[in-house]
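A.B. asks: Would you be able to build a 3D model of this:
(one chain, ligands or ions: 3)
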Amino acid sequence: MNSVPITLQVQKALRLHIGIFGCRNAGKSSLINRLTNQELSIVSDVPGTTTDPVEKACELHPIGPVVLIDTAGIDDTGALGAERVRKSLGVLSWMDLALLVIDAATGITAADQKLLKDIRELGTPAVVVFNQADRVPEGTAERMASDFSAAEKIPAVACSAKLGTGIEAVRAAIVKAVEAGWEPDQLLVSGLIPEGRTAILVVPIDFGAPKGRLIPPQVQSIRELLDQKSRCLVVLETQVADAISELKVPPAIVITDSQAVKRVAAQVPPEIPLTTFSILMARSKSDLAELARGAAVLPELKPGDPVLICETCSHNPQGEDIGRVKIPNWLAKNAGGPMKITVAVSKDFPTDLRPYRVVIQCGGCMVTRRHMLARLRECRKQGIPMTNYGIAISHLQGVLERTLSPFPEALEAWRESKAARSDAA
Ligand SMILES: Nc1nc2c(ncn2[C@@H]2O[C@H](COP(=O)(O)OP(=O)(O)OP(=O)(O)O)[C@@H](O)[C@H]2O)c(=O)[nH]1
Ligand code: SF4
Ligand SMILES: [Mg+2]
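C.D. replies: Ligands and ions are numbered 1, 2, ... in the order given. Alright, predicted model coming up:
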């Protein structure tokens, strides 16, 4: 977890992400501009105008704040074109909703069919838009849309992004698809402590802490605890023992920054549940049990083993950066020598994971749950274990059983996976 302060960017992670896909010149960028009533995207009759995924945070009436992602045409050709297509398809894997824009005058292409297949496989809610209705005889695009939706069971509408006709139907279809299929991020602390009890949150104010601010999981935890009428006591790592002893009723849980977990664990009596913000993030953004299962490979790592460390947002690495310095150092200490570390910083997940023994993923506070689940799915597909920063740090500090204990399913997954690996060895 890096110390990126809570900003509009963070709220962006909690917004609905809508990807606009389709062939070159289908009118994807024109549709974005119509939907938002702004000139957000460059429109031109030169095929391939949009070359990279471009995110625009905006208000989409009546849904509210969303992020629209304009993408490059899925029918692009040549080596560069193929790379653009790969990027567009990569974006699809973590979208909350996909809009497939089809030029009604051209009809459905092989590239559209391939995208529809991917949409089905991923289970992404989708709306198909037959655009450029003004370029075909009246009623044709509408008929194409209703035939398509009857045959494919995917909502479809017709419009002309150029003239602005049918845009309300596109909007209504988006709203309907969102209502039916959006999977929002899970809450961080929900279900962890009963109403009215106290949670102690441990927030080290060290070199890595942002000036004058708290980081997103800390802010979110405070807000959720207050929402559920629980109390929270926010303390420094040096104040944990005193805070516990001053409470009349012991805290229902202690939640600490991962990097202080060993020092905090030493101050918290074993009967008081303890976990970390990063583990809560793993639960909220991904599948905690599967990430715990993935961690079972960590005790087997040997010096020189290839390890992929993934971060989903760029930030200015600081001296003691967690992904570049601390985790590699702890891994080296545990294994008796340094690993071969690769750090990938991008929303775009590396395609070939097979060279690595394990993927250690950041908390993903800047991206959606769907995004993190897409990464986990890709690791599963390629047979590479994935874990996350919080789980890895707890393991490397020797306290993972303790920090997973509030989550019995994840604890069981970690134990089972470790046992299965040692049986197989
Ligand atoms: N007649 C008509 N032209 C349209 C319509 N929508 C878009 N266009 C035109 O089609 C061309 C391509 O539009 P864009 O919005 O740039 O298409 P795009 O899908 O973003 O294209 P790439 O970024 O190149 O993949 C432009 O000249 C638009 O003015 C429409 O509904 N009717
Ligand atoms: S998205 Fe990942 S790298 Fe970026 S601040 Fe959140 S945890 Fe750190
Ligand atoms: Mg475009």
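
A.B. asks: how near is the closest residue to residue 296 other than its chain neighbours to ligand 1?
C.D. replies: Leaving aside its chain neighbours, residue 296 sits nearest to residue 417 (3.7 Å; criterion: CB to CB, 6 or more residues apart in numbering). Every residue, glycine included, has its C-beta placed from N, CA and C. Using CB to the nearest ligand atom, to the nearest Å, we find residue 417 at a distance of 44 Å from ligand 1.

A.B. asks: Then residue 268?
C.D. replies: From residue 268 over to ligand 1 the distance is 55 Å, taken as CB to the nearest ligand atom.

A.B. asks: Quick check: phi and psi on that residue?
C.D. replies: Dihedral angles phi and psi of residue 268 (degrees, to the nearest 10) take the values phi -100, psi 120.

A.B. asks: same thing with residue 321?
C.D. replies: Reported as degrees, to the nearest 10, the phi and psi values for residue 321 are phi -60, psi 140.

A.B. asks: Count the residues that sit near it.
C.D. replies: For residue 321, the neighbour count with other CB atoms under 10 Å is 18.

A.B. asks: follow-up on the earlier one: which residues sit in contact with the residue nearest to residue 296?
C.D. replies: Each residue near residue 417 by CB atoms under 8 Å, 6 or more residues apart in numbering is listed here: 292-296.

A.B. asks: where does it land on pLDDT?
C.D. replies: As predicted, residue 417 sits at a pLDDT of 96.

A.B. asks: Residue 319 now?
C.D. replies: Here, the pLDDT recorded for residue 319 equals 59.

A.B. asks: repeat for residue 290
C.D. replies: Looking at residue 290, its pLDDT reads 97.

A.B. asks: Now do the residue nearest to residue 135 when sequence neighbours are not counted: how many residues are near it, please.
C.D. replies: Using CB to CB, 6+ apart and skipping residues adjacent in sequence, the residue nearest residue 135 is residue 105, 4.4 Å away. By the measure other CB under 10 Å, the count of residues near residue 105 is 15.

A.B. asks: Are we agreed that residue 105 is in a strand?
C.D. replies: No. Secondary structure assignment (DSSP: H, G, I helix; E, B strand; the rest coil) places residue 105 in coil, not in a strand.

A.B. asks: got the contact list for it?
C.D. replies: For residue 105, the residues meeting the contact criterion (CB under 8 Å, 6+ apart) are 132, 135-136.

A.B. asks: Also residue 353?
C.D. replies: 308, 359, 378-379, 382, 384.

A.B. asks: repeat for residue 112
C.D. replies: Listed by CB under 8 Å, 6+ apart, the contact partners of residue 112 are 22-23, 74, 100, 102.

A.B. asks: Please list only the buried members of the contacts of residue 353.
C.D. replies: Buried positions within these, assessed by neighbour count (16 or more other CB atoms under 10 Å), are 308, 359, 378-379, 384.

A.B. asks: name the element the residue nearest to residue 296 belongs to?
C.D. replies: Element membership of residue 417 [criterion: DSSP states H and E] is helix 408-424.

A.B. asks: Identify each buried residue in that helix, please.
C.D. replies: Of all the residues in helix 408-424, those buried under the rule 16+ other CB under 10 Å are 410-411, 413-414, 417-418.

A.B. asks: Quick one: those residues as CSV, columns for distance to ligand 3 too.
C.D. replies: Formatted as CSV, the entries for those read as follows, by distance: CB to the ion, whole Å:
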residue, distance to ligand 3
410, 43
411, 48
413, 43
414, 46
417, 45
418, 49
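
A.B. asks: Dump the residues you listed to CSV, plus distance to ligand 2.
C.D. replies: Formatted as CSV, the entries for the buried residues of helix 408-424 read as follows, by distance: CB to the nearest ligand atom, whole Å:
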residue, distance to ligand 2
410, 19
411, 23
413, 22
414, 21
417, 24
418, 26
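
A.B. asks: Now do the strands for the stretch 201-350 of the chain: every range, in order, please.
C.D. replies: 231-235, 253-256, 274-276, 306-311, 340-345 (DSSP state E, counting those that start in this stretch).

A.B. asks: out of these, nearest to residue 402?
C.D. replies: Evaluated over the strands of the stretch 201-350 of the chain, closeness to residue 402 peaks at strand 274-276, with 5.6 Å, by CB to CB.

A.B. asks: Low-confidence stretches in the stretch 1-150 of the chain?
C.D. replies: Scanning the stretch 1-150 of the chain with the threshold set as pLDDT under 70 gives 1-14.

A.B. asks: Would you map the strands across it?
C.D. replies: Using DSSP E, counting those that start in this stretch, strands in the stretch 1-150 of the chain cover 16-22, 54-60, 64-70, 97-103, 126-131.

A.B. asks: Would you mind saying which of those lies nearest residue 261?
C.D. replies: Between residue 261 and the strands of the stretch 1-150 of the chain, the shortest gap by CB to CB is with strand 16-22, which sits at 31.7 Å.

A.B. asks: and the closest one with strand 54-60, angle?
C.D. replies: An angle of 120 degrees separates the directions of strand 16-22 and strand 54-60 when computed by axes from the mean of the first three to the mean of the last three CA atoms, to 10 degrees.

A.B. asks: Now do the residue in the stretch 301-425 of the chain that ligand 1 sits nearest to against ligand 2, distance only.
C.D. replies: Taking CB to the nearest ligand atom as the measure, the point where the stretch 301-425 of the chain comes nearest ligand 1 is residue 348, at 18.4 Å. Taking CB to the nearest ligand atom as the measure, residue 348 and ligand 2 are separated by 14 Å.
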